[in-house]
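Colleague: Sequence plus predicted model, see below.
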Amino acid sequence: MLYNSLLDLLSKGGYTVLVLVLCSVLSLKVVIEKAVLLKGITDKVIEDFKAKINASLQAGDKKEALFYCKAYSWNWLFFNIKTPLAPVYKYILEHTSMPEEILLERSFAKLDKEIIKAEKGLGILATLGSISPFIGLFGTVIGIIRSFEALALNEASGYLNVMAGIAEALVSTAAGLLVAVPAVMFYNYFMRKIKSSMPTFEEAVHDLVYALRKNEREVKNASLQDR
């Protein structure tokens, strides 16, 4: 009964509510995509990835470390989660001959690109959060105009019918808010998660470069001692 009444209200909202339903579907798509992507920046996933890379490097197997950078994934529900740190580590391992300062500088530039990729699509949530209430308000205004036009054409219908028409028109405003509020909330949440992950990523880059340079020094010292 409630389901039928909701469908009835939505149908009376007209084309505006249809547009808002499409907006909600788009918003949900972005939320799911970003939830999967941001799972890859959690401490648990990052530490697991770093542990595999460090184990390979300690064993002296750089090829295996590069393989993990390309093939690493974390299984979560039905998804294979990639971490944005993997392409950065891959870049570092492929350019170990660079001077340390230049390597760090270019690695951080690579990291910035990965963060930009992670943020891609969040603008859609921000836009939907901004325009959805206005779309709903537009539908409400159109509905009110039609109600008063109907009253002008047939005064005998009475004000009760006008009030009923206005109530139905307000469905558009409610639908607009229903789309906008979650979109804004998820946008703020995802942005905060991405920004808060930056220190962890930067520390991970420093750790790998430091470990590689330390390993190079140890190998060099060992070769000198053998002489």
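Modeller: Looks like it arrived, so ask away.
Colleague: From the chain's centroid, how far away is the helix or strand hosting residue 17?
Modeller: Using DSSP states H and E, residue 17 maps to helix 15-39. Relative to the centre of its chain, helix 15-39 is centred 11 Å away, using Cα atoms, centre = their mean, to the nearest Å.
Colleague: Please name every helix or strand in contact with it.
Modeller: Where contact means 3 or more Cβ pairs under 8 Å, 6 or more residues apart in numbering; DSSP states H and E, helix 15-39 is packed against helix 2-12, strand 74-76, strand 79-81, helix 122-153, helix 158-226. All C-beta atoms are positioned from the backbone trio N, CA, C, and that covers glycine.
Colleague: which other residues reach whichever helix or strand comes after the third one?
Modeller: To tie it back to what came earlier, the one meant is strand 79-81. Downstream of strand 79-81, the first helix or strand assigned by DSSP H and E is helix 85-94. By Cβ atoms under 8 Å, 6 or more residues apart in numbering, the residues outside helix 85-94 that reach it are 41, 46, 49-50, 53, 62, 65-66, 68-70, 72, 103, 106-107, 110-111, 114, 201, 204-205, 208-209, 212.
Colleague: how close does residue 206 get to residue 129?
Modeller: As judged by Cβ to Cβ, to the nearest Å, residue 206 and residue 129 stand 36 Å apart.
Colleague: thinking again about what came up before, just the buried ones from the contacts of helix 85-94?
Modeller: For the contacts of helix 85-94, burial is judged from neighbour counts taken by 16 or more other Cβ atoms under 10 Å, and it is met by 41, 46, 49-50, 53, 65-66, 68-69, 72, 103, 107, 110-111, 114, 201, 204-205, 208-209, 212.
Colleague: Report the spatially nearest residue to residue 24, omitting neighbours in sequence.
Modeller: residue 179 (4.8 Å; Cβ to Cβ, 6 or more residues apart in numbering).
Colleague: Then residue 68?
Modeller: Among residues not flanking residue 68 along the chain, residue 52 sits closest, at 5.0 Å (Cβ to Cβ, 6+ apart).
Colleague: and the one you found, what element?
Modeller: Assigned by DSSP H and E, residue 52 belongs to helix 43-58.
Colleague: picking that back up, buried residues in the helix holding residue 17, which are they?
Modeller: 16-17, 19-20, 23-24, 26-27, 30-31, 34, 36-39.
Colleague: now swap in stretch 180-199 and tell me
Modeller: Those would be 180, 182-184, 186-187, 190, 194, 197, for stretch 180-199 by 16+ other Cβ under 10 Å.
Colleague: possible to save those residues as JSON lines with pLDDT and distance to residue 167?
Modeller: As requested, the buried residues of stretch 180-199 are exported to JSON lines (pLDDT from 0 to 100; distance: Cβ to Cβ, whole Å):
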{"residue": "180", "pLDDT": "95", "distance to residue 167": "21"}
{"residue": "182", "pLDDT": "95", "distance to residue 167": "24"}
{"residue": "183", "pLDDT": "95", "distance to residue 167": "25"}
{"residue": "184", "pLDDT": "95", "distance to residue 167": "26"}
{"residue": "186", "pLDDT": "95", "distance to residue 167": "30"}
{"residue": "187", "pLDDT": "95", "distance to residue 167": "31"}
{"residue": "190", "pLDDT": "93", "distance to residue 167": "36"}
{"residue": "194", "pLDDT": "90", "distance to residue 167": "42"}
{"residue": "197", "pLDDT": "89", "distance to residue 167": "46"}
